[in-house]
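**Student:** What follows is a predicted protein model with its sequence.
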There are 2 protein chains.
Amino acid sequence: MKSDKTTLCYLERCNAQGVREYLMLHRIKKDHDINKDKWIGIGGHFEDMESPDECMLREAKEETGLQLTELKLRGIVTFICGETCEYMHLFTSNEWQGEMTDCNEGVLEWLPRDRVYDLNLWEGDKIFFRLLEMDYPCFLLKLRYSVDGVLESATLDGKIVMWDEKTRKIIWQ
Amino acid sequence: MKSDKTTLCYLERCNAQGVREYLMLHRIKKDHDINKDKWIGIGGHFEDMESPDECMLREAKEETGLQLTELKLRGIVTFICGETCEYMHLFTSNEWQGEMTDCNEGVLEWLPRDRVYDLNLWEGDKIFFRLLEMDYPCFLLKLRYSVDGVLESATLDGKIVMWDEKTRKIIWQ
């Protein structure tokens, strides 16, 4: 059985024009994929006895070929969907070594940070992208989805929040 | 089966003399307790679908009668002991409401922060107490114990560290 603990990381860089970018993974390679056609980051499930950072480093290496040399825990996202519950450890990284390889889970692409909101994302992901941009201190975000993938509620550090698609801002209730 | 995810919190206050104190729990009430006679904080295992902060608030209420109104995630401690693995979410809190009640897991006592190192603690706990005092950013600490409770290795944010009992400092290898 797969662990209920996962990792997700967004690699960040400045491109030649000084634009800040994320490394995004377009999940188009696997047929049976809960993230099919969505854009997410790299990461995966904890293996036995792994700490969050050990899992993250292993997954990054497997999916990108890169050895991360810096890693920052940005928050823990508790996903509820029907009867399932997943604890996702969200990281960013600004330093790595090696050459990027192809990923068998999807297509890797560098994209400007402010363009990610235009992509096919889980709605709750927009909340944490905004938190990352705001340099929000290590947060606890609980996201409850319906079984067909609609965000039903979001709680940030114990307070109910919503994503406003028009202004692309987080609204605290 | 109990969850492999737990919480632990140290409530902090300044006493009348301006000395900073932790609320410590002396585990002397239960016979079969892995923490028997040790001093730890308050907390416990995640229940189904709980986020880390929801678990922490519930456990704090159950064990102290207090409603925490502020909570800060300070780190995740991955404990390995033999074949078991536990992910402990470490919090501190500086604000709460209500009156403190007795705890059926042990005796609650306010103690000066610098006196905790004299108590009967797990060796690895001294490492994270020092990190709390240093106001170390949200950390990932992996502690490997032998089955008889001896700390065999400690890894802090991917780097091997040791506890030096003489100087009561963390040593980075």
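**Tutor:** Perfect, thanks for sending it.

**Student:** List phi and psi for A:M49.
**Tutor:** With angles defined as degrees, to the nearest 10, A:M49 sits at phi 70, psi 0.

**Student:** these two touch, right, it and B:E86?
**Tutor:** No - between A:M49 and B:E86 there is no contact under CB atoms under 8 Å: 10.6 Å. C-betas here are computed from N, CA, C, even on glycine.

**Student:** if you count what's nearby, which of those two comes out ahead?
**Tutor:** B:E86 (16 against 13; other CB atoms under 10 Å in any protein chain shown).

**Student:** Wasn't that one part of a strand?
**Tutor:** Yes - assessed with DSSP: H, G, I helix; E, B strand; the rest coil, B:E86 lies in a strand.

**Student:** Just give the closest residue to it, not the sequence neighbours.
**Tutor:** Nearest in space to B:E86, with sequence neighbours left out and distances taken as CB to CB, 6 or more residues apart in numbering or on different chains, is B:F79 at 4.4 Å.

**Student:** Now do the same contact list for that neighbour.
**Tutor:** The neighbours of B:F79, taking CB atoms under 8 Å, 6 or more residues apart in numbering or on different chains as the test, are B:85-88, B:124, B:143, B:145.

**Student:** redo that, cut-off 10 Å
**Tutor:** B:F79 makes contacts with A:51, B:4, B:6, B:85-88, B:122, B:124, B:141-145, as judged by CB atoms under 10 Å, 6 or more residues apart in numbering or on different chains.

**Student:** Which of these fall within strands?
**Tutor:** Per DSSP state E, strands hold the following members of the contacts of B:F79: B:6, B:85-88, B:141-145.

**Student:** which one of the residues you listed sits closest to A:R27?
**Tutor:** Checking the ones in strands among the contacts of B:F79 against A:R27 by CB to CB gives B:Y87 as the nearest, at 26.5 Å.

**Student:** Pull up the gap between that closest one and B:G18, please.
**Tutor:** 36 Å (CB to CB, to the nearest Å).

**Student:** do the same with A:I28
**Tutor:** 60 Å.

**Student:** Could you check which of those two has the larger neighbour count?
**Tutor:** Neighbour tally, A:I28 and B:G18, criterion other CB under 10 Å: the higher count belongs to A:I28, 14 against 6.

**Student:** Excluding covalently adjacent residues, which one is nearest to the more buried one?
**Tutor:** Using CB to CB, 6+ apart, the closest residue to A:I28 is A:G106 (5.6 Å).

**Student:** ok, now which ones touch that neighbour?
**Tutor:** A:24-30, A:33, A:35-40, A:42, A:63.

**Student:** who wins for neighbours among those residues?
**Tutor:** Sorting those by how many neighbours each has (other CB under 10 Å) puts A:I42 first, at 27 neighbours.

**Student:** got the contact list for that one?
**Tutor:** A:7-11, A:23-25, A:56, A:59-64, A:66, A:68, A:91, A:93, A:103, A:105-106, A:108.

**Student:** Of the residues you listed, which belong to helices?
**Tutor:** A:56, A:59-64 (DSSP state H).

**Student:** of the ones in strands among the contacts of B:F79, buried ones?
**Tutor:** Buried members of the ones in strands among the contacts of B:F79, scored by 16 or more other CB atoms under 10 Å in any protein chain shown, are B:6, B:85-88, B:141-145.

**Student:** tell me the two of the residues you listed that are most distant?
**Tutor:** The widest separation within those (CB to CB) is 16.9 Å, between B:T6 and B:R144.

**Student:** picking up where we left off before, so what's in contact with A:M49 and B:E86 at the same time?
**Tutor:** Joint contacts of A:M49 and B:E86 (CB under 10 Å, 6+ apart) are B:78, B:80.

**Student:** where do the strands sit along chain A?
**Tutor:** With DSSP E as the criterion, chain A has strands at A:5-14, A:20-26, A:39-40, A:67-68, A:72-81, A:84-93, A:96-97, A:107-112, A:139-145, A:151-156, A:159-164, A:169-172.

**Student:** Mind listing residues that contact the fourth one?
**Tutor:** Residues external to strand A:67-68 that are found in contact with it (CB under 10 Å, 6+ apart): A:9, A:11, A:42, A:53, A:56-57, A:59-61, A:91, A:93-98, B:158.

**Student:** what lines up beside that strand in the sheet?
**Tutor:** Strand A:67-68 sits in its sheet next to strand A:96-97 (antiparallel), going by DSSP bridges.

**Student:** Same check on the second one?
**Tutor:** Partner strands and pairing direction for strand A:20-26 (DSSP bridges) are strand A:5-14 (antiparallel), strand A:39-40 (antiparallel), strand A:107-112 (antiparallel).

**Student:** Lovely, talk soon.
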